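Undergrad: got a sequence here, can you build the structure:
(4 chains, ligands or ions: 6)
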Amino acid sequence: MKTSVFDNQVENQWCPGCSNFGILKALKDALLTLGRAPEAVCVVSGIGQAAKFPHYLNCNFFNGLHGRALPVALGIHAANPALTTLVVTGDGDCYGEGGNHFLHLLRRNPDICVVVHNNELYALTKGQASPTTPVGARRTLPAGPVESSPLNMLGIAIVHDVGYAARGFAGDIDHLKGLIIEGISIRGLALIEVVQPCITWGTHPMGWYKEYVYKIDDVHDHTDQIAALAKVSEPSDKIAIGMLYRGKPKPIYAERFRKDITDRPLFESAAISTSKMAGLLDTFK
Amino acid sequence: MKTSVFDNQVENQWCPGCSNFGILKALKDALLTLGRAPEAVCVVSGIGQAAKFPHYLNCNFFNGLHGRALPVALGIHAANPALTTLVVTGDGDCYGEGGNHFLHLLRRNPDICVVVHNNELYALTKGQASPTTPVGARRTLPAGPVESSPLNMLGIAIVHDVGYAARGFAGDIDHLKGLIIEGISIRGLALIEVVQPCITWGTHPMGWYKEYVYKIDDVHDHTDQIAALAKVSEPSDKIAIGMLYRGKPKPIYAERFRKDITDRPLFESAAISTSKMAGLLDTFK
Amino acid sequence: MDIGIIIAGSAGEGVQTIGALLAAVIQAQGYSVFTWQEFESRIRGGQNSFRLRISEVPKNSPKDWADIFVSMNSGAAAKYLPLLNETGVWVSETPEGGRENITIPFKKIAEENFKKVIYANTIATGAVCGILGIAVNGLCRVIEKTFSNKNKTVVQTNIQAAEKGYISALDACKDQCVWQLPQRADRYYLIPGHEAVSLAAAYAGCRFISAYPMSPSTGIITYLSQKEDDLGVFVEQAEDEIAAINMAIGAGYAGARAMTATSGGGFSLMAEGVSLAGMTETPVVIILAQRPGPATGLPTRTAQGDLLFAINAGHGEFPKLVIAPADPEDAFQKTVRGFNLAEKYQIPVIIISDQFLADAHFSYKEFEFNEIPPELHTPNLDDIDHYKRYRLTPDGVSPRLFPGQSAHLVTADSDEHDEYGHITEDLGGMADQMFMKRLVKMERLKAEINPPEQRGVASAEIVLVGWGTTRGAILESILLLAGENKKVGMIHFTELWPLPDFSFPSGKKYVSVENNATGQLEWLLRAEYGVSMSGHIRKWDGLPITATYIRERVVTYEDERV
Amino acid sequence: MDIGIIIAGSAGEGVQTIGALLAAVIQAQGYSVFTWQEFESRIRGGQNSFRLRISEVPKNSPKDWADIFVSMNSGAAAKYLPLLNETGVWVSETPEGGRENITIPFKKIAEENFKKVIYANTIATGAVCGILGIAVNGLCRVIEKTFSNKNKTVVQTNIQAAEKGYISALDACKDQCVWQLPQRADRYYLIPGHEAVSLAAAYAGCRFISAYPMSPSTGIITYLSQKEDDLGVFVEQAEDEIAAINMAIGAGYAGARAMTATSGGGFSLMAEGVSLAGMTETPVVIILAQRPGPATGLPTRTAQGDLLFAINAGHGEFPKLVIAPADPEDAFQKTVRGFNLAEKYQIPVIIISDQFLADAHFSYKEFEFNEIPPELHTPNLDDIDHYKRYRLTPDGVSPRLFPGQSAHLVTADSDEHDEYGHITEDLGGMADQMFMKRLVKMERLKAEINPPEQRGVASAEIVLVGWGTTRGAILESILLLAGENKKVGMIHFTELWPLPDFSFPSGKKYVSVENNATGQLEWLLRAEYGVSMSGHIRKWDGLPITATYIRERVVTYEDERV
Ligand SMILES: Cc1ncc(C[n+]2csc(CCOP(=O)(O)OP(=O)(O)O)c2C)c(N)n1
Ligand SMILES: Cc1ncc(C[n+]2csc(CCOP(=O)(O)OP(=O)(O)O)c2C)c(N)n1
Ligand code: SF4
Ligand code: SF4
Ligand SMILES: [Mg+2]
Ligand SMILES: [Mg+2]
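TA: Ligands and ions are numbered 1, 2, ... in the order given. Purely as a prediction, here's the structure:
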C-alpha cells in the first residue's frame, strides 16, 4: 500500500475520519509534486493532536515542546537552510502557548512554511477553548460560553507584511496542496492557516464548513494589504480560502551572515585552529 | 516641593533629562485631573528603565518580573476592578518578553490602561535592539545594523478592535496627559504607546522627534479601523500622535462573573460555610 | 471481600463511562469501591483500562490482579488478560480464543435492540452487575439518578439496556460467578483526588484560579469552572503557564486567595513566578500534578519524578512550602493547610499530586474535611499607623494589606527592596536585612511542619519510607507482609519542604518506596537527616506502585539478605 | 608588591573607562593586574567602583582594602573611603573634608583645558599613573593604542590630558606616594571571564548562540556578535529565554554546536527546555551567570545562589552536566569540555558563572587554553546501515546524525519514544528501556567527572570546601592563615553534577565557603558523600567573597573552638 516516499508505517493516533488526515495528504502530495526527497525535508511541531503530524510522514522531524515549534524551526533553519523546514502546529500550540514566537518570527522572515491546523479548540487535552474559539461557542472549558474574543493571526501576519499568507480547508485537499506548494516555494515566511474541523470536540461537522467556505477569486489583489485584511475580517459565515497575501520582497533571515557560505550547513564550517585561537588570545596580552 | 498627592520622595534612577520624566508628569497630572486618590490607583510594571516608573509616584504598585506586567495586572483587575489599574511598561518588557500576554490581553478587554514607553531599545540592559527598533538602526546588540523588522503593536491592537489606541509623545506632556485621561476613562482596554527618546542609547535626540511628530487632526475617523491602520503604517518620518482608534462597545472582562457582585473586591466574598461544604461533599455519597 | 475488576478498551469505547457507572452502582449497594484509571495520550484508539476494587471496608489502593475482566476489543484482551486471576471471569465483547470467556457483543446488542451503539456502555455495566450478583433494581436506581437530566425515554432505554446486559451475563455465567453483593446499609463517600483538591481550595477561601490545560491537572480548573455557582471561584484559562502564575500572583496581591495548577512542563515555566512570589511575599498555591518526564514524556501517566525540582524550583534563595498529599481526604486537608500557610507566611506553596491521585476515586466512611474555617492573617487596620508593606519584624512576616482596602498604599517589588517596597542597593544594610527577613520565615515555618507519619516503626525490622500517593500501597503491603510474619513499618512524608526536625530510629532497615527512577526522597533524606537506606523500591513505568509490587521486593530483599 | 586601587563614582562618570585604561597601562608596564567591578542596576547615578590589584606575580582575587582611592564625587567618597588603608592615598575630584586628600578637579580641568568633560577620564588615569610611579610615556603608548581608530587630534588631546593629570598628581602627591612601577620585561594576559567563555565556545566549535539580554550574561552574546568575522558564530537575539533555548536546541539538532546564556530569571524560563534537551538527547550548552535573587533581585551583583536549582532544573529525570569554572582560564577549558561532553553524551550542559567572574579580568603568565581540538562524536556514515536515531546501545549513547547530512532520516521527539523517535506507550517495554538508556548515560558521565581539586589537605587541620569562583579567595586565605601558623587546606569543586566518586579524608574539620545564604554546596555534599561541615563561611550581600573575609571567619571559628 506504500504509494509515496513520504508514507510510513506508523500507527496514526488521530480519530478515524478526522480532517487532519486531509492535511496530511495535502502536505505529502505537495512535497511529492515539489520533488523533495524525504531527507531534504524537516517537519517541526510542538504538542497537540495537530503536532503529532510529523510522526505520520517519512522525513526528518523534531516534535518538540508544546508551543515551541517555531524557535526550534528557526534554529534548524539557521543551522541548515538547505533543508525544507516546515512547521505543522495547532491553534493552541502556535497562537496560545507559542504566541510570542509567532510574533517574532514575523520580524525575521525565515524561509519556513508554517501550517496551522485550526480546529478552534485544544483537542489533545480534551476540548478546551483555544485562542481562535469564537465568542459564545461551547467548549469543555470554560463551563459556560466562551467570553474572550478570538485572535486574528492571519491579520497580524498581513499587517507585518508576511511573505505569504493563505487560508486552506482540510476538506479540500487539492486546493490545500496548491497552497502548501506555494508556501514552500516562495522565499520567506509563509503562513497557511487551515480550517480543520474536529469531529470529536468541535461544534460543527465537516459539512457545515463546506457550506461557508468559498474560494478567493482572481479579483482579489493579494498584494493589497487592506484587501487581504478585509478577507480575514469577514463575518463567520464567510470563510475565504486561498492565497490572501503576498508580501513585498525583502531580505531572508540570516542572508547577511550567509553571504559567503550561502546555504551550507553550519556543521560544515571549518573549526578554529589552535594557532588562530592563540592569536586571538594574544590580543589580550 | 510636594505639589501633588502623587509625588513621592524616592530618588529617581533615570538619567537626568530622560524623556521618561515627561511621561511621569503626564500620568501624575492625568490622575490628579481625574481626581483619583492614590489608594484607588494601582500601577503595575515589569522590569526595565520604563518599568521603574511605579517607584516614582505615590500609589499602590506591583513591580513584577520582566515581561510579566500584563498577567499580574489582569489578576489584580479580576480580584478588584474598583482599582484603577494601570500598566507602565517598555517596548522590550511588553512586546519582547511579554508579547504573548499582550496578544491575549486584547482578547479579554479588561478595564486597564497600558502605557508603553517606546524608546526602540533595551535601555536598562545597556542599549540592545528591541522589537520596535527600525531596520538598519545601530544598537549595542547586534554589532551590525538591525536586520529584523519592527513589530507594529498598535496595528495589532487595532486589528483586534482594542477599546482605545493612541500614540503619545514624551516631549508633549499636556497632549499625552489628555490621552492618558481618555485611556483611563474609557471602559475597556486602552493602549497608549509613547514615543520616548532615550538620550543615552538612542539614535536621535528629542529635537529630532519633535520634527517628525504631528498631531492627528479631526479629519481622522477613529472608529475606522482601516484609517487607524493607515496612521500606524506611515513612513518613519511621519509620527502621528493622538487618538488612533476607539473600539466598538463590547463586554468588559469578567462582566458575567460579576453580574451580582459588581465591582466588589473578591476578598470581600463570603467564605463557604462548613455546612455548605458538608452538603457539597454529601453529593459524593 | 476484595474483588478486582478491569474494564479495558480503546478510547471512545466507553471504558470510562462503564467504570464510573459501575462504581456508582457498587457505592449505592453500600460497598466500598476504589477506582483508578490508566490511559494513553490520544482521543480515540489505544488501549486503556479502568480498575475497580470492591470491599466491605475501604481498601483504597490499586490491585495488580483482577477477578473480573471486561474486554471491549481483541487488543484490550491481549494486553490485559494476563492480569486476570486464574479463577477470574472474562467477559469479552468479541469472541476470543484461548482462555474460557463469556462473549457478550455489547455493541451489536445495542444496535440491534436500541438502534444506538452508545447503549453498549449500559449493557456492559448491566452485565458486570449480573456477574457481581447485584440486584438489577439497584442498577436501575443509579441509572435513573445518573440520567435524571435526560428525557424519560433515555432513562427507560438505559434501564432496558442494563437489564439486557444483566440477563445475558446471568445466562452465560452459570456457576462461574461466585459473587453476591446484596444491598448493605453502609454508605461510603466516593471522592476523586482532584475534586477534593478543588473543593478544599474553595473552602480555604480561594477566589481565583488561572491555569493552562495540562494533563493530569486540567480536572481542577474544569471542575471549578463547572462549580462556579456553588463555589464562587473566578476561573481564567491563561494563554500559557507563565501568565497563569503571574495572574494568580496579581490576584493574590490584590487580596484574593489564588491558585494555579499544572504538570511538570508547565511547572518548569512557572519557576520564575515561584521566585517572584518568594520575593514579593505574595501567597500563591501551585498544584503540581506529576506525570512522567522529561519533556512531554508520557502525558497521561503517573510518576513521582518532580520532588527535587519542586523543592529547588526558582532562582535565588527564598522560603517555600512543598507538600504532597497521600489521598483525597489528605489532599482536602493539606490543600486547606497549604492556603493557610501560604497566607500566614506570605510564600508560594507547592502541592504535589500525580495522575494516579488525580483520576482515582477513594471510598471513605467519614470524610474528615477539617472543620476549621480558613485562617485569616490580615492585620487589624486599627493597629496600623505608618504602613510599610515590608516592615522588618522579628519573625520576618510583615503586615499584609490589600491595595484599595484602606488609605494605606500596598506595594510589591521583584527587585531587592526596602520596607516600603522601593528598590534598594544598600548591600550590607537594607538589602541584607530583607534577604534574611525572608529566610527567617522559613525557620518559623519549619517549626510548624508535621513529622512524617509513623506506623509500627517501634516493632518493625524493616521500615518502608515513602511520600505522597504511595501511602495506600505501602500500608497494604505491610499487612501482606505481616501475614508472612515480616515485621514491617512505615515512615511516610507528606510535608516535604522544609523538612521538620526528626530522627530516624536506629537499628532499623530502611527501604525507600518511590514512583521514580532516581530515588529523590532517598537523596533528600540523606541530605537532611543523614539517614541512608538499606534498599529501595522504585517504579518508573508510568503506573502506580501497588502493595504486591512492594511486597515482592521486600521478600526478595529479605531473601537476598539471608 | 600588592597594590590595591579603587576608582569610585556614579554611572556616567567614567569609572569603568578609567579602570580599564589604567589596567591596560599597568599590564603594558609588565605587571600583573587583577580587576573586578561592582555597580548598581542603573544607567546614570548611583555609586559604583572599579577595583584593581597590582602585583609582580598574579594575585587573581579581590582585595578588601585599597592603597589608592579615587573618588569622583562626594557620595562615592563617603561610601568607599572606609575601604582605604590608613596609609593609603586618596585622590578626590571634589574638595572633601575629613581625611587628608589630594583634590584634582578632573572635570573642571578637562573643560578648562580641552573643552570637553570626557577628557576627565584620561586626566584621572594620568593622575593615578603619577601616583603609581609609572612613567608618563608608558601611559601615552597605551593611549595611542586605545584610540588608534580615532583621529590624530583625539589621540593628541588624550595624551595631553594624561600628562595634565600626571603632573597634577605629582605636584600634589609629594612624598605620600611611595610606589614605583618601572617597566618590566614580563607580559601578562589580561583576560575577562565571559570573553574567555565566548572564545572557548567558538574554539569548541560552537556555531550558534541565541540569547536574550540579561545581566550579567549579556557580555557573551555581545562579544560573539562583535567578533562574528573572527569567530563565525551565528548570533540571534531571541524574543525571550524560552525561544533562546529552543532555538539553540533546534540548531543543535541540525548539527551546529549551540549555546545560550542567561541569568537566574531567564534560566528559570529555560527549565522546560533543559528537560527537552534531556529527552530529545540534543546537546546544548547553557551559561548560567548568577546574580542575587529571588526574582529580579540585585541585577548587577554577584552570588552563588542557583547551584541546587541548576542541578535539579527541568521536570522529570534525565542526565545533565553542571560545571562551575573557577576563573577565566578554567572557564576556557571547562567551556570546551562542556561542549565536548554535551556532544559525547547528547545532554544539556549547564556552565555556572556569576557577575564577579563575568566582569573581572584575571592576569596570566601563560594562558593554557587546552590545545585539544574540539572532540567530535559523529558516527561514521559507512558504519550505519539501518539508521535509528535512538538506537538502544549498552552505554546509552545512540549514533547522532544531522538532518540533511545523508539519506538517513533524523528524528527528535519530546514524547517518550521508540528507537525511531516515534511516540510509544509501551510501558513495561520500550518506554522503560528508553528511560533507562538515558539514565545509563549519567553513570558513564559520572565516571568521567574529575574529582575536586585538593590543596594541602593531607597536612591540614581545617579544610575549606568551596565551588566555582571562590577558588582564588580561598587559596589566598590559606596563604594568609599559613602566615599565622594555621594549617588550612582546600577541597574545591568545579564539576558539580554528577558528582564523582570521592571520599573526604577523615579527621579534618571541614568548613564550607559559599557566596550564598543557605549553604547549597554543603547540602549537596551531605546528600552525596554523607560529609558534614563543622562550620560554614557564607556571604550573600551581592559582593564576592575575599581572602580576608574567609581568614577572619576561620580565625574566629578557631578561637571559639578553643
Ligand atoms: C507546557 C505545556 N502546557 C500544556 C500542555 C498540554 N497540552 C498538550 S496539547 C495542548 C493543546 C493543543 O492544542 P492545539 O495546538 O490546538 O492542538 P489540537 O490538539 O487541537 O490539534 C495542551 C494545552 C503541554 N503539553 N505542555
Ligand atoms: C527574565 C528576564 N530576562 C531578561 C531580563 C533583563 N532585562 C531587564 S530590563 C530588560 C529590557 C528592558 O527593555 P524595555 O522594556 O524596553 O525598557 P527600557 O529599559 O528600554 O525602558 C531586560 C532584557 C530580566 N530582568 N528578566
Ligand atoms: S480529537 Fe478532533 S482534532 Fe484530534 S484527531 Fe480527533 S477529530 Fe481530529
Ligand atoms: S537609559 Fe535612556 S531610557 Fe533609560 S533613563 Fe537613561 S535616557 Fe532614559
Ligand atoms: Mg487545536
Ligand atoms: Mg525600551
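
Undergrad: report the contact partners of whichever residue of chain A sits closest to ligand 5.
TA: Closest contact between chain A and ligand 5, by C-beta to the ion, is at A:G90 (3.8 Å). Using the backbone N, CA and C atoms, a C-beta is placed for each residue, glycine as well. By C-beta atoms under 8 Å, 6 or more residues apart in numbering or on different chains, the contact list for A:G90 reads A:G46, A:G48, A:Q49, A:A50, A:A51, A:V116, A:H117, A:N118, A:N119, A:Y122, A:A123, A:S130.

Undergrad: out of the residues you listed, who has the most neighbours?
TA: A:Y122 (31 neighbours; other C-beta atoms under 10 Å in any protein chain shown).

Undergrad: do you know how far that residue is from ligand 2?
TA: 27 Å (C-beta to the nearest ligand atom, to the nearest Å).

Undergrad: swap in C:K344?
TA: 29 Å.

Undergrad: that residue reaches C:T378, doesn't it?
TA: No. The criterion here is C-beta atoms under 8 Å, and C:K344 misses it with C:T378 at 10.8 Å.

Undergrad: more neighbours: these two, which one.
TA: C:K344 (19 against 13).

Undergrad: hang on, the more buried one in a helix?
TA: Yes. Applying DSSP: H, G, I helix; E, B strand; the rest coil, one finds C:K344 inside a helix.

Undergrad: please name the nearest non-neighbouring residue to it.
TA: Of all residues not flanking C:K344 in the chain, C:H377 sits nearest, at 4.9 Å (C-beta to C-beta, 6 or more residues apart in numbering or on different chains).

Undergrad: burial count for that neighbour?
TA: 15.

Undergrad: what helix or strand is it on?
TA: Following DSSP states H and E, there is no helix or strand that holds C:H377.

Undergrad: ok, now A:P235?
TA: Per DSSP H and E, there is no helix or strand for A:P235.

Undergrad: count of neighbours near it?
TA: For A:P235, using other C-beta under 10 Å, the count is 7.

Undergrad: can you check A:G242 too?
TA: 21.

Undergrad: before we move on, what about C:H536?
TA: Neighbour number of C:H536 under other C-beta under 10 Å is 17.

Undergrad: want to throw the contacts of A:G90 into a markdown table with distance to ligand 3?
TA: A markdown table is the format used below for the contacts of A:G90 (distance: C-beta to the nearest ligand atom, whole Å):
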| residue | distance to ligand 3 |
| --- | --- |
| A:G46 | 14 |
| A:G48 | 8 |
| A:Q49 | 3 |
| A:A50 | 7 |
| A:A51 | 11 |
| A:V116 | 13 |
| A:H117 | 7 |
| A:N118 | 10 |
| A:N119 | 5 |
| A:Y122 | 10 |
| A:A123 | 4 |
| A:S130 | 11 |
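
Undergrad: among these, which one lies nearest to ligand 6?
TA: Nearest to ligand 6 among the contacts of A:G90: A:G46, at 29.6 Å, using C-beta to the ion.

Undergrad: tell me the contacts of the closest one?
TA: A:63-69, A:89-90, A:93-94, A:97-98.

Undergrad: try 7 Å this time
TA: Contact analysis of A:G46 by C-beta atoms under 7 Å, 6 or more residues apart in numbering or on different chains lists A:G64, A:L65, A:H66, A:G67, A:R68, A:A69, A:T89, A:D93, A:G98.

Undergrad: now the last one: how far from chain C?
TA: Applying C-beta to the nearest C-beta, to the nearest Å, the value for A:G98 to chain C is 8 Å.

Undergrad: how about that residue: what's its closest non-neighbour residue?
TA: The spatially closest residue to A:G98, leaving aside those adjacent along the chain, is A:G67, at 3.7 Å (C-beta to C-beta, 6+ apart).
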